[in-house]
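1. sequence first, then the predicted structure, then my questions.
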Amino acid sequence: MNILESILAAQNGGAVKQIGQQLGLGDQQAASVVAALVPALAGGLQRNMQSSGGLESLLGALTSGQHGRFLENPAALAGAAAEGNGILGHILGSKDVSRQVATRAAAQTGLDSSILKQALPLVATLVMGAMARQNTGSALNQAGMPGGGLMSMLTPFLDQDRDGSIMDDVLGMFGKMSKS
């Protein structure tokens, strides 16, 4: 199951409903917000995992944090903005990149970018929650390489052109962000 599917399915859609309630959106709008933001967050995670010490840092955060609570108890999202902003700092690196992600998602969803800016930290906590759930098993893939479970969640979002390589898609994603 990929990240988006994990979030949408959590508590029978409870996490998405909670985001909708917090932001004054209907369930469909909230789901479109989540769907628009998750790929950019997955791309940021992928980039961080490929940096020196990035995978170890991510695995440490996943095992030491209690990120899964947001999927298990969607009401916990009501107090998640500060934690989500911390996660965004690690995933995207700067407020400028976060703003660019929100602006692109706003164009994709047709919603105001201020709503997407509010949603971004909430969705970031859900992404970490979904990854923490995936990581509770083993962080090794069949070849014994670290990140197997995590990579299986990220790959569907990162290989957007379905050519079997995620590198061209990730580089393109960040190239677009840096030009804006």
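-> Yes, it's here.
2. relative to Leu8, how far out is the closest residue to Gln18 other than its chain neighbours?
-> Using C-beta to C-beta, 6 or more residues apart in numbering and skipping residues adjacent in sequence, the residue nearest Gln18 is Pro74, 3.9 Å away. Just so you know, the C-beta spots here come from the backbone N, C-alpha and C atoms, and that holds for glycine as well. Look at Pro74 and Leu8: by C-beta to C-beta, to the nearest Å, they are 12 Å apart.
3. these two - which one has more neighbours?
-> Using other C-beta atoms under 10 Å, the more surrounded residue of Pro74 and Leu8 is Pro74, with 24 against 19.
4. surely the more buried one and Ala10 touch.
-> Yes: using C-beta atoms under 8 Å, Pro74 is in contact with Ala10, at 7.1 Å.
5. list the contacts of the residue nearest to Gln18.
-> Shown in contact with Pro74 (C-beta atoms under 8 Å, 6 or more residues apart in numbering): Ala10, Gln11, Gly14, Ala15, Lys17, Gln18.
6. quick one: low-confidence parts of the protein?
-> For the chain, the stretches flagged by pLDDT under 70 are 1, 54-55, 60-62, 64-65, 135-180.
7. can you give me the distance of Leu88 to Leu4?
-> According to C-beta to C-beta, Leu88 and Leu4 sit 18 Å apart.
8. Asp112 now?
-> Distance from Asp112 to Leu4, by C-beta to C-beta: 22 Å.
9. just Ile87 next, same as before
-> Look at Ile87 and Leu4: by C-beta to C-beta, they are 17 Å apart.
10. this completes my enquiry, with thanks.
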